[in-house]
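Enquirer: sequence first, then the predicted structure, then my questions.
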Amino acid sequence: MSPSKIPVAGEISFPGGKSLVILLLLLLQLVLFATPSVCLDFLFNSFTGVTNLTLVKDARVDASVIRMTNDSNQYSYGRAFYPTKVPIAKTASNSSSLSIASFSTSFVFSVLPQIPTSPGFGLAFVLCNTTDPPGALASQYFGLFTNATSPTFFPLVAVEFDTGQNPEFNDIDDNHIGIDLNNIESTFATPAGYYNSTGEFVPVRMRTGQNIRAWIDFDGQNLVFNVTVAPIGVSRPLKPTLSHSVPTIGNYVSPDMYVGFSASKTNWIEAQRVLAWSFSDSGPARELNTTNLPVFEPESSSSSLSGGAIAGIVVGCVVFVVICGGGFYLWWRIQKGKDEEDEEIEDWELEYWPHRFSYEELSSATGEFGKEKLLGSGGFGRVYRGTLPNTTQIAVKCVNHDSKQGLREFMAEISSMGRLQHKNLVQMRGWCRKGNELMLVYDYMPNGSLNRWVFDNPEKLLGWEQRRRILVDVAEGLNYLHHGWDQVVIHRDIKSSNILLDADMRGRLGDFGLAKLYTHGEVPNTTRVVGTLGYLAPELATVAAPTSASDVYSFGVVLLEVACGRRPIETSVAEEEVVLIDWVRDLYAQGRAREAADARIAGEYDEGEMEMVLKLGLACCHPDPQRRPTMKEVVALLLGENPPEAPGKVLSDLVRGGDDFDEAAPLQTSSTRA
């Protein structure tokens, strides 16, 4: 028997040299499978028979293309997504840093309007963590975004191919590419086109129906988007159309996101189509085969006509021209008569205060009432900015009435108000009538309305001293309306947007469109409730007749909103804080009224003075109109004087459970109470 070999400890014997190689290959394969990576790479040269797409709302596969919207739906939108999510963002296990994956995509699209001059919409390539973004709107929002003025962070990134211009969104033109981060307003945009081999920029109109090729490459390491567009048949340009770094993109991505397209429209028909698509997150997207793609062109009709048909058309056109000419002449004569009637000053117009502007004067001053001169519009008319020949700045309010009788009654009231003279009222300079349209001319207030300087996020926040001075100005103006003229003027629409600021930032009460005149001591008689929600006194719900006390209530709301820096009704706060008056009243009942003050101006005001203003606001907003202070008392308190009659127990009903509450001094600060 031959001696057997005893293996030494730690030694492994292989029957052949190849076994070691096989074992090493198996170990390498195990290592690779132990750390799997998911890559997404797909190619659609056509969408014929394709069923593995997620189609939302009106998006559908139409023959070989994807149609994004439905022509028969007025506010149509549609989305098309690849059904598998793409890994986008990943947080390193050994740090809090976020790494974002790179990707590459290429697609062919076509945008064809039914009417070339109609408003445009376009489409967008989108990454989103859901196929149904919350609050998404149609119209010019691509079926993706909300109309919120302050968008929040949400995993939604889009590259828009916009074929419409909307000044509201600061669009650069009606044919551009932009990067959108959960916001319809692009962070960066550039006109659509491409750079040819000589570096010259060649514009590309995306709204002609022609097939447009787009390339989008995102560099996750440097957070840079490179976007290129060119018509089919043009090789991919070397220089991208748009190259933009987005350092904040980490706030708008999630670990996994859907990729696809979204588009929307209104009642104007615009066919948005996607014809081919490739995508890869592991390298450049695969090349598309664009040779057999369908071509979409505007509808056109042509036919050959016989000689008789042509002769009939010519005769019909001649008859039509004759009829139109006669109709135009008749219309011209009628219109000329109306213009003469409009320009004629009737006897009743001579009763009113003297300065009557001509229509030509105001038309010239406002640039023929052009849109660029429009300051604002509402239920009571439009307001334009104008400049008189002597360089005086004016504001012109245009008011329409259904009849001359209604206009005459309105003029009688407005003419009286035109005689109001006070430094804290917006001064009426004159008027003009054209037909049943009345134009009222006021002093122009260059700093706009008070609400622009207090609410939301103003460019420059109004400090406490300026706010207090403006409140005093408005109180003095309202006191003049109630007590300083030969008639009582009830304003009926006191709110922060009707308080205008002149060049010196002094407050003036404006917009007397709803005002009513009464003789001192007369009982008001009207059955129509008017005003603005949040500022209306509670008694107007049962007794429609406004009084000076209802104006005081509205001014009390203004006192509170200016001191607290928020609107009368806010839906974005806690439930118990929605209604400003109730919230401040609850804090007052707990002895914490000062906590309602605007935190943005903390340290600028004397706390005792702020508490006095808050309590004065509550006193003006007392549910019982008989227990509200008069504007004389309000002015005296704001100026630090002793009012002729102390408001007394105006807040006593607002406090519950306090037997030792001092009803005789409700407007004192807590620091001065015994």
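Expert: Sure thing, it's come through. Numbers count the residues shown, from 1 in each chain.
Enquirer: could I get the phi/psi values of the residue nearest to residue 566 when sequence neighbours are not counted?
Expert: Closest residue to residue 566 apart from its sequence neighbours, by C-beta to C-beta, 6 or more residues apart in numbering: residue 580 at 6.3 Å. C-betas here are computed from N, CA, C, even on glycine. Main-chain torsions, residue 580, degrees, to the nearest 10: phi -60, psi -50.
Enquirer: now do the one 10 residues further on
Expert: Here is the backbone geometry of residue 590 (degrees, to the nearest 10): phi -90, psi 0.
Enquirer: what about the helices in the stretch 1-150 of the chain?
Expert: Using DSSP state H, counting those that start in this stretch, the helices of the stretch 1-150 of the chain run over residues 18-34.
Enquirer: for stretch 110-128, buried residues please.
Expert: For stretch 110-128, a neighbour-count test (16 or more other C-beta atoms under 10 Å) marks 110-113, 118-128 as buried.
Enquirer: could you do stretch 264-279 as well?
Expert: Neighbour count says stretch 264-279 has 264-266, 268-279 buried, by 16+ other C-beta under 10 Å.
Enquirer: for stretch 246-255, same thing?
Expert: Buried residues in stretch 246-255, counted by 16+ other C-beta under 10 Å: 246, 249, 252-253.
Enquirer: still on that earlier bit, among the buried residues of stretch 110-128, which two are most distant?
Expert: Using C-beta to C-beta, the pair of those lying farthest apart is 118 and 127, separated by 29.6 Å.
Enquirer: my read is residue 466 is in a strand, agree?
Expert: No: looking at residue 466 with DSSP: H, G, I helix; E, B strand; the rest coil, it is helix, so not inside a strand.
Enquirer: now do the contacts for it.
Expert: Residues near residue 466 by C-beta atoms under 8 Å, 6 or more residues apart in numbering: residue 505.
Enquirer: continuing past the worst-scoring helix or strand of the chain on mean pLDDT, what's the next helix or strand?
Expert: Ranked by mean pLDDT, DSSP states H and E, the weakest helix or strand in the chain is strand 516-519, scoring a mean of 51. Note on strand 516-519: by DSSP states H and E, the next helix or strand toward the C-terminus is helix 548-564.
Enquirer: elements contacting that next one?
Expert: Helices and strands touching helix 548-564, by 3 or more C-beta pairs under 8 Å, 6 or more residues apart in numbering; DSSP states H and E, are helix 464-483, strand 487-490, helix 580-589, helix 607-620, helix 631-638.
Enquirer: what's the least confident stretch among these?
Expert: Comparing mean pLDDT across the helices and strands packed on helix 548-564, the weakest is strand 487-490, with a mean of 82.
Enquirer: wait, what's in contact with residue 46?
Expert: So residue 46 contacts 64, 275-276, 292-293 (C-beta under 8 Å, 6+ apart).
Enquirer: quick check: the gap between it and residue 312.
Expert: Distance, residue 46 to residue 312, by C-beta to C-beta, to the nearest Å: 47 Å.
Enquirer: try residue 572
Expert: 67 Å.
Enquirer: looking at the helices and strands packed on helix 548-564, spot the one closest to residue 137.
Expert: helix 580-589 (29.1 Å).
Enquirer: give me the contacts around that closest one.
Expert: 534, 557, 560-561, 564, 566-570, 576-577, 593, 595-596, 614-615, 617-618, 621, 651, 654-656.
Enquirer: ok and it relative to helix 548-564, angle-wise?
Expert: Per axes from the mean of the first three to the mean of the last three C-alpha atoms, to 10 degrees, the angle that helix 580-589 makes with helix 548-564 is 70 degrees.
Enquirer: in helix 580-589, what's buried?
Expert: Buried-residue list, helix 580-589, by 16+ other C-beta under 10 Å: 580-581, 583-585, 587-589.
Enquirer: and stretch 386-404, by the same measure?
Expert: With the criterion 16+ other C-beta under 10 Å, stretch 386-404 contains buried residues 386, 394-399, 401.
Enquirer: got the end-to-end distance for stretch 568-579?
Expert: 6 Å (C-alpha to C-alpha, to the nearest Å).
Enquirer: what pLDDT, on average, does it get?
Expert: pLDDT averaged over stretch 568-579 gives 84.
Enquirer: and stretch 224-234, by the same measure?
Expert: Taken as a whole, stretch 224-234 carries a mean pLDDT of 96.
Enquirer: for it, buried residues please.
Expert: By 16+ other C-beta under 10 Å, the buried positions in stretch 224-234 come out as 224-230, 232.
Enquirer: who's in contact with that stretch?
Expert: 108, 159, 161, 177, 179, 192-194, 204, 206, 210-219, 236-237, 240-246, 290, 293.
Enquirer: residue 205 is in contact with residue 212, correct?
Expert: No: judged on C-beta atoms under 8 Å, residue 212 makes no contact with residue 205 at a distance of 9.2 Å.
Enquirer: which of these two has more neighbours?
Expert: Set residue 212 next to residue 205 and count neighbours by other C-beta atoms under 10 Å: residue 212 wins out with 23 against 15.
Enquirer: host element of residue 194?
Expert: Going by DSSP H and E, residue 194 is in strand 193-195.
Enquirer: just checking, what packs against the helix or strand just after that strand?
Expert: As assigned by DSSP H and E, the chain's next helix or strand after strand 193-195 is strand 201-203. The helices and strands touching strand 201-203, judged by 3+ C-beta pairs under 8 Å, 6+ apart, are strand 193-195.
Enquirer: any idea how this structure splits into domains?
Expert: Following automatic domain parsing, one gets these domains for the chain: 51-280, 341-444, 446-674.
Enquirer: lowest-confidence stretch among those domains?
Expert: Least confidently modelled of the domains of the chain is domain 341-444, at a mean of 75 by mean pLDDT.
Enquirer: figure out which of the domains of the chain is closest to residue 331.
Expert: When the domains of the chain are compared by C-beta to C-beta, domain 341-444 sits nearest residue 331, at 15.4 Å.
Enquirer: and stretch 231-249, C-alpha only, in PDB?
Expert: Listed next in PDB are the C-alpha coordinates belonging to stretch 231-249 (Å, rounded to 0.1, in the frame of the first residue of the first chain):
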ATOM      1  CA  PRO A 231     -35.800  70.100 -35.100                       C
ATOM      2  CA  ILE A 232     -35.800  66.500 -36.300                       C
ATOM      3  CA  GLY A 233     -33.000  66.100 -38.900                       C
ATOM      4  CA  VAL A 234     -30.600  68.300 -37.100                       C
ATOM      5  CA  SER A 235     -27.700  66.500 -35.400                       C
ATOM      6  CA  ARG A 236     -27.400  67.000 -31.600                       C
ATOM      7  CA  PRO A 237     -25.600  70.300 -31.100                       C
ATOM      8  CA  LEU A 238     -22.400  70.300 -29.200                       C
ATOM      9  CA  LYS A 239     -23.400  73.300 -27.000                       C
ATOM     10  CA  PRO A 240     -26.600  72.900 -25.000                       C
ATOM     11  CA  THR A 241     -29.500  75.400 -25.300                       C
ATOM     12  CA  LEU A 242     -29.700  75.600 -21.500                       C
ATOM     13  CA  SER A 243     -27.000  74.800 -18.900                       C
ATOM     14  CA  HIS A 244     -27.900  75.700 -15.400                       C
ATOM     15  CA  SER A 245     -26.700  74.700 -11.900                       C
ATOM     16  CA  VAL A 246     -29.400  74.000  -9.400                       C
ATOM     17  CA  PRO A 247     -27.700  73.800  -5.900                       C
ATOM     18  CA  THR A 248     -31.100  73.700  -4.100                       C
ATOM     19  CA  ILE A 249     -32.400  70.700  -6.000                       C
END
